[in-house]
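K.L.:
Pasted the sequence and its predicted model underneath.
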Amino acid sequence: MSNVESFLLTSIVISLIINTAISLYGVFSKPSLIKKFIALTIFSDSINSFAIFIGFRRTSEAYPSIAVHHEIPRNVTEIHQFVSSAVDPLPQALVLTAIVIGLAVNMFLIGLIILFYKYYGTTNVRKVRI
Amino acid sequence: MRVSDIVAGLSMAILAIILSYLMVYGGLGPIAPYNLRPLAVSYLNYTYNPWEIKLSAMAPEGVTSIVWDYRGLDTYFETSVLFIALIGLLALFRGSNIVQGISNKGLSLIVKTTTKIVAPLILVAGVSLAYHGHLTPGGGFQGGSFMTVAIALIVVAFSIEFIAQKKITIDKLLIIRWIGLIFIVLTAVFLLIKALIFGGYAYIFQNMIRIGSQYTMPSWFLDRPLGGILFFFNVSESVAVVGGLSLGIVLLSLRDEEVKHVIGGEEHE
């Protein structure tokens, strides 16, 4: 493992952690619901990138191949070759599920925020007196 | 210095510390290892494996075979969550699908002409992404949301009145969504019904021959692998996603006056 490679991997991890923390700050302390929502989507995207990053692997080649057979394997040896160079497909599948559910919840939240704005005339939660 | 600021700063610090701890002490598993986890090795081994057909999904694409074969029930309930969220959206905007005073608005002629050229291309690319989901990266959900971009482009460029003029109502989109969901359920129980009629055993979400069941979905179409149920699931999921997400876009881009007409009835004190 070269030094450049480990430096890049570490910087990816640190930037993802910082991104997560900043988006959480946005969710907590921005008064506008739209800004809260944007921060929430950034939060979910950071966590999803993190999950995909866990599925990453290092190979002897420059980069691992995706979890797809490029050609139909003709014997068992080709399957073993494929397994030795492909990334983990499970985090990708789970992140796909997470993105779909996140999209559904986001659409519902946007609907709620639109109704909130129409009803109160503002999206600032601190100005609203119920 | 308010209390909320202190809480936000503390929670950010705690989150960063927990994540760093998990990374360093291996709570999240090894980061970027040279060897795969055993579960991933098994999935990759049996994604396309004609020599172990009782464990295989017979599709060259690893992610799609996990999504619709090995973890098919997960994906079914995920689709249900999407559907339930849309039902919630419909309940929020109930009765607001009446478009009155249809007029021709929208963006300029240049944008409209460009949209006429680009939107069919987006649709074709989305269809190819969805229907090759068992061979190349992609699948029903990705292709469906790709195709929804074309609908969103049309809504923005031609205005929402254009959609109403073309008689694309919320009910029709909901029916498209229902058709996709019903085909997903039918594909899931197809072999079970076959086994009930002809005798023998089968499972729901069964793809190839499994232990204790000799029924199988087609694994080849001419000279291409079909992946059994994966192809049918991808097709019906893309139909369901196009219907559902277009429904969301049409609902959320309602005209100002209509929304006011529906929900602005009572004044808040």
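P.N.:
Now that the structure is in, tell me what you want to look at.
K.L.:
could you pull out the helices for the chain?
P.N.:
No chain in the question, so chain A it is. A:3-29, A:33-54, A:76-85, A:90-120 (DSSP state H).
K.L.:
I was thinking of chain B, sorry if that wasn't clear
P.N.:
Under DSSP H, chain B gives helices at B:3-24, B:38-46, B:62-65, B:72-92, B:109-131, B:140-158, B:160-165, B:170-198, B:229-252, B:256-263.
K.L.:
Hey, what's the angle from the second one to helix A:90-120? Just curious.
P.N.:
In this case it means helix B:38-46. Following axes from the mean of the first three to the mean of the last three CA atoms, to 10 degrees, one obtains 110 degrees for the angle between helix B:38-46 and helix A:90-120.
K.L.:
quick one: contacts of helix B:38-46?
P.N.:
A:55, A:67, A:79, A:82-83, A:86, A:88-90, B:36, B:52, B:55-57, B:62, B:65-66, B:70 (CB atoms under 8 Å, 6 or more residues apart in numbering or on different chains). Where C-beta positions appear, they are placed from N, C-alpha and C, glycine not excepted.
K.L.:
For that helix, buried residues please.
P.N.:
B:40, B:43-46 (16 or more other CB atoms under 10 Å in any protein chain shown).
K.L.:
okay, the angle between it and helix A:76-85?
P.N.:
Using the same axes, to 10 degrees: helix B:38-46 against helix A:76-85 is 140 degrees.
K.L.:
Pull the contacting residues for residue A:35.
P.N.:
residue A:26.
K.L.:
low-confidence ranges in chain A?
P.N.:
Within chain A, the ranges that satisfy pLDDT under 70 run A:1-2, A:130.
K.L.:
what number of residues lie near the nearest residue to residue B:249 once chain neighbours are set aside?
P.N.:
Excluding its sequence neighbours, the residue lying closest to residue B:249 (CB to CB, 6 or more residues apart in numbering or on different chains) is residue B:152, at 5.2 Å. Residues lying near residue B:152 (other CB atoms under 10 Å in any protein chain shown) number 17.
K.L.:
Residue B:168 too?
P.N.:
Residue B:168: 18 neighbours (other CB under 10 Å).
K.L.:
Please tell me how far it sits from residue B:183.
P.N.:
21 Å (CB to CB, to the nearest Å).
K.L.:
hang on, the earlier thing: would you format the helices of chain A as a markdown table with distance to residue B:164 included?
P.N.:
Listed next are those as a markdown table, based on distance: least, CB to CB, whole Å:
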| stretch | distance to residue B:164 |
| --- | --- |
| helix A:3-29 | 36 |
| helix A:33-54 | 27 |
| helix A:76-85 | 51 |
| helix A:90-120 | 19 |
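K.L.:
quick revisit: of the contacts of helix B:38-46, keep whichever come out buried.
P.N.:
A:55, A:67, A:79, A:82-83, A:86, A:88-90, B:36, B:56-57, B:62, B:65-66, B:70.
K.L.:
Go through those residues and name the one nearest residue B:137.
P.N.:
Closest approach to residue B:137 among the buried ones among the contacts of helix B:38-46 (CB to CB): residue A:67, at 8.7 Å.
K.L.:
which residues does residue 61 contact?
P.N.:
No chain in the question, so chain A it is. residue A:85.
K.L.:
if you could check chain B rather than the one you did, that'd help
P.N.:
Residue B:61 neighbours (CB under 8 Å, 6+ apart): A:67-69, B:47, B:133-137, B:139, B:227, B:230.
K.L.:
which of those residues has the most neighbours?
P.N.:
residue B:227 leads the contacts of residue B:61 on contacts (other CB under 10 Å) with 32 neighbours.
K.L.:
and the end-to-end length of stretch B:222-232?
P.N.:
16 Å (CA to CA, to the nearest Å).
K.L.:
Actually, stretch A:57-65.
P.N.:
End-to-end distance (CA to CA), stretch A:57-65: 10 Å.
K.L.:
Okay, buried residues for it please.
P.N.:
Those would be A:57-58, A:64, for stretch A:57-65 by 16+ other CB under 10 Å.
K.L.:
before we move on, back to that, quickly check the contacts of residue B:61 for the two that are furthest apart.
P.N.:
Going by CB to CB, the pair spanning those furthest: A:69 and B:139, at 15.6 Å.
K.L.:
show me what contacts the nearest residue to residue A:91 once chain neighbours are set aside?
P.N.:
Nearest non-adjacent residue to residue A:91, counting by CB to CB, 6+ apart: residue A:55, 3.5 Å away. By CB under 8 Å, 6+ apart, the contact set of residue A:55 is A:87-92, B:40.
K.L.:
Recalculate using a threshold of 6 Å.
P.N.:
A:87-88, A:91 (CB atoms under 6 Å, 6 or more residues apart in numbering or on different chains).
K.L.:
and the gap between it and residue B:44?
P.N.:
According to CB to CB, residue A:55 and residue B:44 sit 12 Å apart.
K.L.:
Equivalent analysis for residue B:210, please.
P.N.:
In terms of CB to CB, residue B:210 sits 20 Å off from residue B:44.
K.L.:
What residues does the stretch 1-150 of chain B have near chain A?
P.N.:
Contact residues (CB under 6 Å from any CB of the partner chain) of the stretch 1-150 of chain B with chain A: B:4, B:8, B:12, B:15-16, B:19, B:28, B:32-34, B:36, B:40-41, B:43-45, B:48, B:60-63, B:66-67, B:78, B:81-82, B:85, B:88-89, B:92, B:141.
K.L.:
Out of those, which end up buried?
P.N.:
B:8, B:12, B:16, B:19, B:32, B:36, B:40, B:43-45, B:48, B:60-63, B:66-67, B:78, B:82, B:85, B:88-89, B:141.
K.L.:
May I ask which two of the buried ones among the contacts of helix B:38-46 are separated the most?
P.N.:
A:55 and B:56 (21.3 Å).
K.L.:
Closest to the centroid, which residue in chain B?
P.N.:
residue B:141 (3.1 Å; CA atoms, centre = their mean).
K.L.:
which residues sit in contact with that residue?
P.N.:
Applying CB under 6 Å, 6+ apart, the residues near residue B:141 are A:100, B:241.
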